[in-house]
Every structure is written in structure tokens, then in C-alpha cells.
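J.: pasting the sequence and the predicted coordinates here, then a few questions.
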Amino acid sequence: MTKSLFSTTRRDLLAGAAGISALSAMGMTWGSARAAESLVVADPGGPFKEGYGAAFYRPYQEQTGVEIVNIAREHQPTSHVRAIVETKNYSWDVVTITLGDQVMLSGLGMLEKLDWSDQNMKDIMPEARQDDWMGVDVYATVICFNSSTFGNKVPQSWADFWDVKGFPGRRSLRRSPIDTLEIALLADGVDPKQLYPIDYDRAFRMLDKIRPDIAVWWTGGAQTSQMLESGEVDMIATWNGRAQTVIDAGKPVGIGWNQGLYSIEGWAIPKGNPKAALGMPFIAFCADPKRQAEYTKTLAYGPTNPKAYDYIPPERAKYLPTAPEHVDKLILANQDWWGKHKDEAEQKFNEWLLS
């Protein structure tokens, strides 16, 4: 990213009249100084680039003159956020993280407190509100499958995912304990209300059973879309939005919503970021219900401002996780548990993979 030519001058301006005099002497205005500002905004990439671009990035830049520099972050951004804060090398100004990531990073004091005075932010669903994080989309990990492979026989549960005789074909699971451990337990018949604390031994016993049939352990959402589109796998556990992009492209892909695990992703600012004050209005902008409705045109994730449904056509709303016909089938992932046990679970999962 190119450093703003006016960054020093703007700091002087904020300090007082000396900055104003400096700008005047150079023939500049406050608007031109602000227009030279920029925010590096990190999201998961793939369809988010276009979805968030149309809903948030381009409209905000046009409205404020603040340049939004969008980059795709790695699949698990928590280590990067910690490195940013600890080294004070602020390569990201605003970043999307999951609620589980928020629990962990907030506990370590890694996130800036947000300004919740904006009215649209006050309308955000309670589950998406934290002092230092604002949820912006609801997503679900669901069973996705190649409908041309199975025809009218549709998998109805994670037990069907494990049923390699009844549903033969190449399978793929996430190379992460998140969702994967819960999926294994659900496949073994664990009541959704009894998923936590995670029974590691029971989960790994189930994963042992399916391991020979896992063709790919995926590491990124874009990878899952590519595998569904190419037909590389017949059944995969992935986020509904990643599958929907392939469905929208006309490919024979179906979604099984039953026993899907849902969570929330949203915006945070790494602690100590010198552009925190510039990032706050951007986050507030993303709470606008019309703006959230806009991203659902290309991203099949549920908005966190319920008023967004006033602007979403019914034919599109039915593909979103929070639609009435789906939400009752879904299970809310316990992000408090993950926030406390993520490192432990990842260590155990990686040890299992290498065993």
C-alpha cells in the first residue's frame, strides 16, 4: 500500500490550528486531505471481494473519499492479528474475524473498542454485538453435494456423510478442528445440546472411520467452491455461501441444511492501530441495512441487521441461513468454548492428522 502523502499533515491538523495553517499554506482543504487517506481492509477473498465491494468498499469510498484497499487474508487470521499488534506493523487496518476469533483475541487485549453510538449499529442482532467487534454476516457450515452424483437421493444429516455405502463418492472435510469435530459428533448421534464441551476421543474415533474416504482436507473457502464446480468431490462440508456461488453459476450442487453449524463473521480493528479512528465510521457504514442487503445479491450469508430483509427479495432470502425455513434446522456453534479451547483443539487435531 502506498503511504498517504498527507498523513503527517493530517496528524498536525488533528493536533490543532497549526495543522490547519499548514494545509492552507499548501493550498489544500480538509476534504482533500481526507481524500488522500486509505484503509487496508482484509476479508476472506473469493466472492467476498465482489460482495463486500459492491455493498461496502466502493460505496464508502465514493461517499467519503477514503480509499479502501481490499486484500484477501489467510483462512485463519488470528495469528496475523496477534503479530500485527505485537510488532506494531499494522498491515491491516480493519479485518473480518469470526466470533470465536473475537473471543480469543479480545481476551488477549488484541482488539480496539468500537464506537456503538451509530443508530444502525444499535439495530444489529444481539449475537453480533461485542465491545470490540461487530458481526456483519451469518454463515453456516452445511452438507454440500453434487446432485448429479446422487440424483434424488439427498443426504439429510452428517450420519449420511459418514454413510459411504449409501452415498458413495469422494468426500472433503475442513483441515481444522472447528466444525469438523462437531460434525463428527453429530454423525455419531450426539444431541446438539450436548456438543460442548467437545468429547475429543469420541470425535476422533468417528474421524478415524471416515478418514480413508476423505479425498481432500480443504484449507480455504475458495478451494471448496473450485472443487464443487469442477466435480472433484461429490460431498463436502463447507460454508453455504461458497456452495451458493457454484449453484448460482448453474452447476449441479445441492445443500443440506439440517444439522448445519452457524456462526457470525464481522469487523474488528487490531489494537493500537493508528487508523482506528478512521476505521470506526467504516464499520458503522457496514451496519446499514441497505448496504447489508446489497451483499446478499452475491453472498448467500444472512445479514446481522434484521432490517436488511426489508430490502432483500423473497426469492433471494430463501437461500440465506437465517431464512425461517432454514434457521430452525441449524445449530449455533459455541464460540465461547472455541475462544477458550481453540489452541488446544488445533494441537490435538493436527496430532491426529499426523498420526
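T.: Okay, I see it. Numbering: from 1, shown residues only.

J.: just the helices in the stretch 251-355 of the chain please.
T.: 276-285, 289-295, 314-317, 324-327, 335-354 (DSSP state H, counting those that start in this stretch).

J.: how about those, which one is nearest Thr149?
T.: Counting by C-beta to C-beta, Thr149 lies closest to helix 324-327 out of those; the figure is 23.0 Å. In this view, the C-beta of every residue, glycine as well, is placed from N, C-alpha and C.

J.: tell me how this protein divides into domains.
T.: 7-137+265-317, 139-264+322-354 (automatic domain parsing).

J.: so can I have JSON lines of these showing mean pLDDT?
T.: Formatted as JSON lines, those follow (pLDDT from 0 to 100):
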{"stretch": "domain 7-137+265-317", "mean pLDDT": "86"}
{"stretch": "domain 139-264+322-354", "mean pLDDT": "94"}
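
J.: list the contacts for the residue nearest to Ala293 when sequence neighbours are not counted?
T.: Counting by C-beta to C-beta, 6 or more residues apart in numbering, Tyr311 is the residue found nearest to Ala293 once chain neighbours are left out, at 3.7 Å. With contact taken as C-beta atoms under 8 Å, 6 or more residues apart in numbering, Tyr311 is in contact with 289-290, 293.

J.: kindly give a single PyMOL line that selects the buried subset of the residues you listed.
T.: Entered in PyMOL, the line below selects the buried ones among the contacts of Tyr311, by 16 or more other C-beta atoms under 10 Å:
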select buried, resi 289+293
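
J.: ok so, going back, and of the helices of the stretch 251-355 of the chain, who's closest to Glu74?
T.: That would be helix 335-354 among the helices of the stretch 251-355 of the chain, by C-beta to C-beta, at 14.3 Å.

J.: distance from the chain centre to the lengthiest strand in the chain, please.
T.: Longest strand in the chain by number of residues, with DSSP state E as the criterion: strand 253-268. Taking C-alpha atoms, centre = their mean, to the nearest Å, the mean C-alpha location of strand 253-268 is offset from the chain mean by 10 Å.

J.: any chance you could map the helices in the stretch 51-200 of the chain?
T.: For the stretch 51-200 of the chain, the helices defined by DSSP H, counting those that start in this stretch cover 58-64, 78-87, 99-107, 119-122, 147-150, 158-162, 180-187, 200-210.

J.: and those helices as a markdown table, adding distance to Glu265 and mean neighbour count?
T.: Below are the helices of the stretch 51-200 of the chain laid out as a markdown table (distance: least, C-beta to C-beta, whole Å; neighbours: other C-beta atoms under 10 Å):
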| stretch | distance to Glu265 | mean neighbour count |
| --- | --- | --- |
| helix 58-64 | 18 | 15 |
| helix 78-87 | 13 | 16 |
| helix 99-107 | 8 | 21 |
| helix 119-122 | 16 | 14 |
| helix 147-150 | 27 | 16 |
| helix 158-162 | 22 | 21 |
| helix 180-187 | 17 | 23 |
| helix 200-210 | 24 | 17 |
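
J.: can I get these in TSV including distance to Pro44?
T.: Listed next are the helices of the stretch 51-200 of the chain as TSV, based on distance: least, C-beta to C-beta, whole Å:
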stretch	distance to Pro44
helix 58-64	18
helix 78-87	13
helix 99-107	12
helix 119-122	22
helix 147-150	26
helix 158-162	24
helix 180-187	18
helix 200-210	25
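
J.: any idea which of those helices gets closest to Gly254?
T.: Nearest to Gly254, of all those, is helix 147-150, at 4.4 Å by C-beta to C-beta.

J.: ok, residues contacting the closest one?
T.: Contact with helix 147-150 is made by 154, 167, 169, 234, 252-254, as judged by C-beta under 8 Å, 6+ apart.

J.: please apply the same query to stretch 125-139.
T.: Contact with stretch 125-139 is made by 96-97, 99, 102, 106, 111-114, 116, 121, 124, 239-241, 262-269, 283, 286-287, 292, 295, 299, 301-306, 320-322, 332, as judged by C-beta under 8 Å, 6+ apart.
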